[in-house]
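Q: Okay, sequence plus prediction incoming.
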Amino acid sequence: MRGFIIVLDSFGVGEAPDAKAFGDEGASTIKTISKSKYFNTPNMKKMGLLAIDGVNLDNSKEHNASYGRLRELSIGKDTTTGHWEMAGIVSKKALPTFPNGFPSEVIDEFEKKCGRKVIVNKPYSGTQVIKDYGDEHIKTGALIVYTSADSVFQIAACEDIVSDDELYNYCKIARKILKGKYGVGRVIARPFIKDENGNFVRTPRRHDFSLEPPKDTLLDVLQKHGRDTIAVGKIYDIFAHRAMSEHYFTTGNTQGIAKTLEMVKRDFDGLCYTNLVDCDMLYGHRRDIDGYAKAISEFDKCLPELCKNLKDDDFLMITADHGCDPGYKGTDHTREYVPLIIYSKSLKNVNLKTIDGFGVVCNTALSLFGIDEQLEGKNVIDLIK
């Protein structure tokens, strides 16, 4: 039996009940991008996406999948907490953030162990920071360290000055330092180049070094029961390289979609877990409404081929880890509900309405695999079976 979970990174479907507490009142990623002329999702519409509670862009009662929205229980609105929760871990305490930059004891130790100085050390847009400090980095060799509203320690370096392998090693050094009260969710390598026109451009060789999940996740349980666990995109990094039988890095959504379509034509017994990052990284944070709409529409086009190649007992889940409304103020994530679509030729098609917790993803998946063990979260197997 095969299962496919596809995370449309940051594809929120409307403000969560506690959005105001996160400064995100009124945010709705899906409603913002639905106004773009490039938004075209006929296949997910058939599955029920536009009929989800609060979206209200489709009055049809007939759909070919089960659909609903999920409310995050974790304290946060970031990649790590979102993925951990859908995999069975609710984060009751927010991961640390550093709105004033990292303290001197962290930076001093990092500089000493790397043998390089640090510049910037404050929240910054990833594209703007290399524009503002790229030349200084090239001249001095100092590492560009910055953060954001998320729990991240990001290191940017020009590939002509610091090789990718060197940069990854610096990230590993930072990961060992950033523990306990400094334990950020992710240390992120952000390599870039200076092109022939003198512009600084980030390369696709980003790499994340995540905090290890504190308990077993969906992947650990599946592996314990002898199932294949195949990671596509940044899933491998998000779960700290743990409990995966295969992994495939991707340069973006197009390659991630292609690899997932390749997997659905292959025999295996277990889960293919895909993250499509462009919606968040390229379009959400950069507040590019049309780009976001195009990315979601590109994914929608793959669904007929994907569903056609599912066997009768296979299942497909489409969800997200948080919101990132490209029409909202600032450049940060937004606290939103996320969608859940469950498609299978052997399951019912029902409106799941609103469910508390992303953990319904892992627990329902485990039940579909015939595994009794359950993690944190609800289960809708009795509604869809």
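A: That came through, no problem.
Q: Need the contact partners of the lowest-mean-pLDDT helix or strand in the chain.
A: Here the helix or strand of the chain ranked lowest by mean pLDDT, DSSP states H and E is strand 207-210, holding a mean of 92. Applying CB atoms under 8 Å, 6 or more residues apart in numbering, the set of residues contacting strand 207-210 from outside is 80, 164, 168, 171-172, 174-175, 185-189, 234, 237-240. The way it works is simple: take the backbone N, C-alpha and C, and place the C-beta from them, glycine included.
Q: In the stretch 51-200 of the chain, mark out all the helices, start to finish.
A: Assigned by DSSP state H, counting those that start in this stretch, the helices in the stretch 51-200 of the chain fall at 79-86, 104-114, 126-140, 164-177.
Q: picking up where we left off before, strand partners of the least confident helix or strand of the chain, parallel vs antiparallel please.
A: Strand pairing for strand 207-210, using DSSP bridges, gives strand 186-194 (antiparallel).
Q: And the contacts of the strand it pairs with?
A: 79-80, 126, 130, 134, 138, 144, 150-160, 162, 164, 167-168, 170-171, 174-175, 178, 200-203, 205-211, 237-238.
Q: Do you have the strands of this structure handy? List them.
A: Under the criterion DSSP state E, the chain carries strands at the ranges 2-8, 66-71, 118-123, 143-147, 152-158, 186-194, 200-202, 207-210, 228-232, 246-248, 270-276, 315-319, 338-343, 351-356.
Q: Throw those into CSV and include distance to Ile296 and mean neighbour count, thanks.
A: Shown next, in CSV, are those (distance: least, CB to CB, whole Å; neighbours: other CB atoms under 10 Å):
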stretch, distance to Ile296, mean neighbour count
strand 2-8, 7, 25
strand 66-71, 15, 23
strand 118-123, 28, 18
strand 143-147, 28, 25
strand 152-158, 24, 24
strand 186-194, 24, 22
strand 200-202, 22, 16
strand 207-210, 23, 20
strand 228-232, 18, 23
strand 246-248, 22, 16
strand 270-276, 9, 26
strand 315-319, 11, 23
strand 338-343, 11, 27
strand 351-356, 21, 16
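Q: can you redo those strands as CSV with distance to Gly88?
A: Shown next, in CSV, are the strands of the chain (distance: least, CB to CB, whole Å):
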stretch, distance to Gly88
strand 2-8, 12
strand 66-71, 14
strand 118-123, 31
strand 143-147, 28
strand 152-158, 23
strand 186-194, 19
strand 200-202, 32
strand 207-210, 16
strand 228-232, 14
strand 246-248, 19
strand 270-276, 13
strand 315-319, 14
strand 338-343, 15
strand 351-356, 15
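Q: pLDDT of stretch 175-186, averaged?
A: In this model, stretch 175-186 has a mean pLDDT of 96.
Q: Which residues are in contact with the closest residue to Met44 other than its chain neighbours?
A: Spatial nearest neighbour of Met44, chain neighbours left out: Asp300 (5.4 Å); criterion: CB to CB, 6 or more residues apart in numbering. Residues in contact with Asp300 (CB under 8 Å, 6+ apart) are 40-44.
Q: For PyMOL, write a command that selects the buried ones of these.
A: Buried residues within the contacts of Asp300, by 16 or more other CB atoms under 10 Å, are selected in PyMOL with:
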select buried, resi 41+43+44
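Q: give me the beta-bridge partners of the residue lying closest to Pro17 once chain neighbours are set aside?
A: Once flanking residues are discounted, Pro17 sits nearest to Arg71: 6.8 Å by CB to CB, 6+ apart. In this entry, Arg71 is beta-bridged to Asp356, by DSSP bridges.
Q: now Arg71: how far from Ser10?
A: 16 Å (CB to CB, to the nearest Å).
Q: Any idea how many residues pack against Asp165?
A: With neighbours defined by other CB atoms under 10 Å, the count for Asp165 comes to 8.
Q: cool, and Pro304?
A: There are 12 residues near Pro304, going by other CB under 10 Å.
Q: Tell me how far it lies from Asn43.
A: 6 Å.
Q: One more: Leu310?
A: For Leu310 relative to Asn43 (CB to CB), the value is 14 Å.
Q: Likewise for Ile355?
A: 23 Å.
Q: show me what contacts Met244?
A: 219, 223, 229-231, 235-236 are the contacts of Met244 under CB under 8 Å, 6+ apart.
Q: which residues touch the closest residue to Thr254 other than its chain neighbours?
A: Computed as CB to CB, 6+ apart, the closest residue to Thr254 that is not its neighbour in sequence is Glu298, at 7.1 Å. Each residue near Glu298 by CB under 8 Å, 6+ apart is listed here: 253-254, 257.
Q: Is Gly252 in contact with Tyr283, as I believe?
A: No. In this structure, Gly252 is not within contact of Tyr283 by CB atoms under 8 Å, at 11.0 Å.
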